[in-house]
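A.B. asks: Let's see this in three dimensions:
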Amino acid sequence: MSRVKLTVIRMAAVAVVVIPGIACAGTVLLNNGDRISGRITQLTPKRVVVNTSYAGGIVIKLSKVATLKSRRPVKLMTGKNKVSEVTLTPAPGNVGWLTAPVAAKAKPIPADLPPLPLSVPKAKPISWFGPDWENELDVGGTNTTGNSNSTSFNGAIRLHYKHRPDDLRIALDGGYGILNGVQSQGFFHTDVLWKRRLNEFKPPWAKKLYWFAQNANLYDAIQGISLRSNSEVGLGYYLWDNKRSEFDFRAGPGFTYERLFHGQTYSYINGSAALHFMYRIDSHLRFTQTAGYISSLQNAYNYQLDATSAIHLALPQIARGFGLRVSLTDLYDNTAGTQGLKRNSTLLIAALTFQF
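C.D. replies: This next block holds a predicted model:
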């Protein structure tokens, strides 16, 4: 083997060892939540250049960047002939970044020593069920005496398993209330929703499709519903899905069975449509919105609408996994009028939450 070939092989071996170290020298956080790891080599008023081990040099528009972090000097170009070396650190709230000049006599960080982290991330509550689970227990209640005597209690358990391509949500919630000796609230509700992405399809748009299956059951003492069971299957689509926000909708056929307190029963084939939206305002505040529509395919007069808006505030300063959840649910049952009941009802709940 010639000396030239031997030299090329050695250089390639050194590159394999050195490139991983370069790749972790900096981080670019995009506005959509994606992260790009690599060595940030150049920063201009309009772009940032990142050298990665998997795609080589990448040029990114600054308008797409949320924040930057570098552990090695970066060439900052502020004018035609103005070039300086700086380090980059994220600004508070990961909105923008801060620059610090590098001293002229500063020694480079040895390649064989890992750089010190700029900050230590806060510990995230870990589910008892495993890293792919996010579970929550909600408890809320009120009691009044005096001109009116009332007692109410609401509770919920929410289990969420998310490991692509699967997404499983299980919710159990209920409430009980008495106002001046008369029952004013009494319901129990279960909801199981399973989604599976169609990752086997190669077009990017097709990977946003998913199968779903859902079953929801309701007992409501005020409306006289002994059991209302809705089961649906069908297709859904993610308009977007990242760490900060997600939005998807789904639709499909199903079957409804309903039994009232006086013994009358109904069953019919239905059509359903629903949407789900989530937005993380910051690391402690999250907003969710869900809405659903179910209608009999045999009688369009028989339909139900429901929508729930909720804000969840994490309070780790009080206790790990502790928080507060405020939700507003609006239910519309078009057939309730035939039973002498109001078609529309709302439910406002404020509850303490605990992640487990």
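A.B. asks: Is Gly234 bridged to anything, and to what?
C.D. replies: Phe212 (DSSP bridges).
A.B. asks: cool, and Gly271?
C.D. replies: Pro253, Ser295.
A.B. asks: Likewise for Val83?
C.D. replies: Met77.
A.B. asks: so what's it up against?
C.D. replies: Counting by C-beta atoms under 8 Å, 6 or more residues apart in numbering, Val83 touches 75-77. Glycine gets a C-beta too; all of them are placed from N, C-alpha and C.
A.B. asks: low pLDDT regions in this structure?
C.D. replies: 1-25, 79-81, 103-126, 337 (pLDDT under 70).
A.B. asks: most neighbours, which of the contacts of Val83?
C.D. replies: Compared across these, Leu76 has the highest neighbour count, 19 neighbours, by other C-beta atoms under 10 Å.
A.B. asks: Next one: it from Thr99, what distance?
C.D. replies: Plainly put, Leu76 is 6 Å away from Thr99 if you go by C-beta to C-beta, to the nearest Å.
A.B. asks: Find the residues that touch each one of those two.
C.D. replies: If you check Leu76 and Thr99 against C-beta under 8 Å, 6+ apart, the residues they both contact are Val86.
A.B. asks: wait, Arg164 sits on Asn199?
C.D. replies: Yes: using C-beta atoms under 8 Å, Arg164 makes contact with Asn199 at a distance of 7.3 Å.
A.B. asks: domain ranges for this structure?
C.D. replies: The chain breaks down by automatic domain parsing into domains covering 3-101, 133-355.
A.B. asks: How far off centre is the first one?
C.D. replies: Using C-alpha atoms, centre = their mean, to the nearest Å, the mean C-alpha position of domain 3-101 is found 28 Å from that of the whole chain.
A.B. asks: same check, this time on stretch 129-136
C.D. replies: Remark: stretch 129-136 is offset 13 Å from the chain centroid, using C-alpha atoms, centre = their mean.
A.B. asks: Now it: buried residues?
C.D. replies: 133-136 (16 or more other C-beta atoms under 10 Å).
A.B. asks: do stretch 61-68 as well
C.D. replies: 65-68.
A.B. asks: cool, and stretch 203-211?
C.D. replies: The neighbour-count check on stretch 203-211 (16+ other C-beta under 10 Å) flags 207-211 as buried.
A.B. asks: could those be laid out in a markdown table, adding secondary structure and distance to Asp241?
C.D. replies: Shown next, in a markdown table, are those (DSSP: H, G, I helix; E, B strand; the rest coil; distance: C-beta to C-beta, whole Å):
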| residue | secondary structure | distance to Asp241 |
| --- | --- | --- |
| Lys207 | helix | 10 |
| Lys208 | helix | 8 |
| Leu209 | strand | 12 |
| Tyr210 | strand | 10 |
| Trp211 | strand | 16 |
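A.B. asks: nearest to Ala310, of the residues you listed?
C.D. replies: Nearest to Ala310 out of the buried residues of stretch 203-211 is Tyr210 (C-beta to C-beta; 22.6 Å).
A.B. asks: re earlier: so which of the buried residues of stretch 203-211 is the closest to Arg280?
C.D. replies: Lys208 (19.8 Å).
A.B. asks: one step back: list just the nearest of the buried residues of stretch 129-136 to Glu246.
C.D. replies: If you rank the buried residues of stretch 129-136 by distance to Glu246 using C-beta to C-beta, Glu134 comes first, at 13.2 Å.
A.B. asks: State the helix or strand in which that closest one lies.
C.D. replies: Here Glu134 is covered by strand 133-144, with elements defined by DSSP states H and E.
A.B. asks: what pairs with that strand, and is each one parallel or antiparallel?
C.D. replies: Counting by DSSP bridges, strand 133-144 is paired with strand 150-163 (antiparallel), strand 344-355 (antiparallel).
A.B. asks: all helices of this protein, in order?
C.D. replies: Using DSSP state H, the helices assigned to the chain run over residues 3-23.
A.B. asks: Just send the buried residues of stretch 129-136 back as a markdown table, with distance to Ile294 too.
C.D. replies: A markdown table is the format used below for the buried residues of stretch 129-136 (distance: C-beta to C-beta, whole Å):
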| residue | distance to Ile294 |
| --- | --- |
| Trp133 | 29 |
| Glu134 | 27 |
| Asn135 | 27 |
| Glu136 | 26 |
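A.B. asks: how about the strands in the stretch 201-350 of the chain?
C.D. replies: With DSSP state E, counting those that start in this stretch, the ranges of strands along the stretch 201-350 of the chain come out as 209-220, 225-241, 245-260, 265-280, 285-296, 303-314, 322-333, 344-355.
A.B. asks: right, so of those strands, which gets closest to Glu85?
C.D. replies: Closest among those, once you apply C-beta to C-beta, is strand 265-280, at 34.7 Å.
A.B. asks: So which elements touch the closest one?
C.D. replies: strand 225-241, strand 245-260, strand 285-296 (3 or more C-beta pairs under 8 Å, 6 or more residues apart in numbering; DSSP states H and E).
A.B. asks: can you rerun that using 7 Å?
C.D. replies: strand 245-260, strand 285-296 (3 or more C-beta pairs under 7 Å, 6 or more residues apart in numbering; DSSP states H and E).
A.B. asks: In TSV: those strands, plus distance to Gly177 and mean neighbour count.
C.D. replies: Formatted as TSV, the helices and strands packed on strand 265-280 follow (distance: least, C-beta to C-beta, whole Å; neighbours: other C-beta atoms under 10 Å):
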stretch	distance to Gly177	mean neighbour count
strand 245-260	21	17
strand 285-296	23	17
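A.B. asks: possible to save those strands as TSV with distance to Ser309?
C.D. replies: Shown next, in TSV, are those (distance: least, C-beta to C-beta, whole Å):
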stretch	distance to Ser309
strand 245-260	14
strand 285-296	5
